[in-house]
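Colleague: After the sequence you'll find the predicted model.
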Amino acid sequence: MFRAVATGALVSLIAGCGAAGDHSATGPAPSPTTSTAVPALDPSASVPATQAGTPEAVTAALAALPETLRRRVPQFPPPPAPTKLTLPTDGKAGLFKRIPTTEKIAFITIDDGWQKDPMAAKLFQAANVPITLFLELNAVDPDPDYFKPLQAAGATIQNHTISHPTMTRLGYDGQKRQICEGADRLAKYYGTRPTLFRPPGGSYNSTTLRAAHDCGMKAVFTWTETTDHGKVFYQRDPHVVQPGDIILMHFRPRFVDDFLAVLKAIHKAGLTPARLEDYVP
């Protein structure tokens, strides 16, 4: 297990995730040729959860995409059987920047939930890969139903606090409220209480890990790559997704480009997406 050595300021800078209350994407504004101009598809037309992931459902979802997107969606083999992580027994949640493995796998995670692109459910169905959503309650509350088709398409919903504060600026009680109430309210919306947590901006301390544990979170996750404006940003050389890496996305205006860039990077590296939850005991 990785030691909690990252500072909040450094990890927040790498993340590209704004300070509390700032959820705007960095960099130039999307051009008229970006995915924001793609005709919206009706999320209510999503394949039911009982059918999602079948060969017929994937074929139908691919066929429903515009040709310009369909040819950008790679297909992956199934991931190998997972090997469970070892979690601490000291009253703190486990902390992981990546999954320690040599298996040819990587992990797709998406934070916040502010931009609700109507193409997301169709893309999730067409890609047919495991995805973990770390959702912020303030972003979810205006339209919690938006995420239900994503859940039906196979995405799992985990915890990212109520209001996206910098956790290291809060004491134990403040951190515990953000984590516990976030998990409780997500359970009411989506039927399952989260057991994984991502601290906003990657900012954490030992109090965060203790509060997360006390709220029923088994593990806290940061990341090894980020994505924005259709590009993948690497924290180390070589610039390639490596086995066990966790990739961070956000629900941002160029969501489609970001998601396709992540799929391409994983596929180019010869890896396949795996489900983060499967590796947690």
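Modeller: Alright, I've got the coordinates. Residues are numbered from 1 along each chain as shown.
Colleague: mind listing the strands for the stretch 51-200 of the chain?
Modeller: Taking DSSP state E, counting those that start in this stretch as the test, the strands found in the stretch 51-200 of the chain are 94-96, 105-112, 132-135, 156-159, 196-197.
Colleague: same for the first one, what does it pack against?
Modeller: Contact analysis of strand 94-96 by 3 or more CB pairs under 8 Å, 6 or more residues apart in numbering; DSSP states H and E lists strand 219-221 as its packing neighbours. In this view, the C-beta of every residue, glycine as well, is placed from N, C-alpha and C.
Colleague: and the strand it packs on, how far from the chain's centre?
Modeller: Here strand 219-221 is found 12 Å from its chain centre; the criterion is CA atoms, centre = their mean, to the nearest Å.
Colleague: Could you tell me the average pLDDT over it, please?
Modeller: Taken as a whole, strand 219-221 has a mean pLDDT of 98.
Colleague: Need the strands of the stretch 51-200 of the chain in TSV (columns: mean neighbour count, distance to Lys176 and mean pLDDT).
Modeller: Shown next, in TSV, are the strands of the stretch 51-200 of the chain (neighbours: other CB atoms under 10 Å; distance: least, CB to CB, whole Å; pLDDT from 0 to 100):
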stretch	mean neighbour count	distance to Lys176	mean pLDDT
strand 94-96	22	17	98
strand 105-112	26	20	98
strand 132-135	25	18	98
strand 156-159	26	12	98
strand 196-197	27	11	98
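Colleague: Looking at those, which is nearest to Trp223?
Modeller: strand 105-112 (6.9 Å; CB to CB).
Colleague: pLDDT below threshold where in the stretch 1-150 of the chain?
Modeller: 1-52 (pLDDT under 70).
Colleague: where along it do the helices fall?
Modeller: When assigned using DSSP state H, counting those that start in this stretch, the helices of the stretch 1-150 of the chain occupy the ranges 8-15, 55-64, 67-70, 120-127, 137-140, 147-152.
Colleague: Name the stretch among these that sits most buried.
Modeller: With neighbours defined as mean count of other CB atoms under 10 Å, the helices of the stretch 1-150 of the chain peak in mean count at helix 120-127, which reaches a mean of 25.
Colleague: Remind me what the longest helix anywhere in the chain packs against, helices and strands.
Modeller: In the chain, assigned by DSSP state H, the helix with the most residues is helix 172-190. With contacts defined as 3+ CB pairs under 8 Å, 6+ apart, helix 172-190 has these neighbours: helix 137-140, helix 147-152, strand 156-159, helix 206-214.
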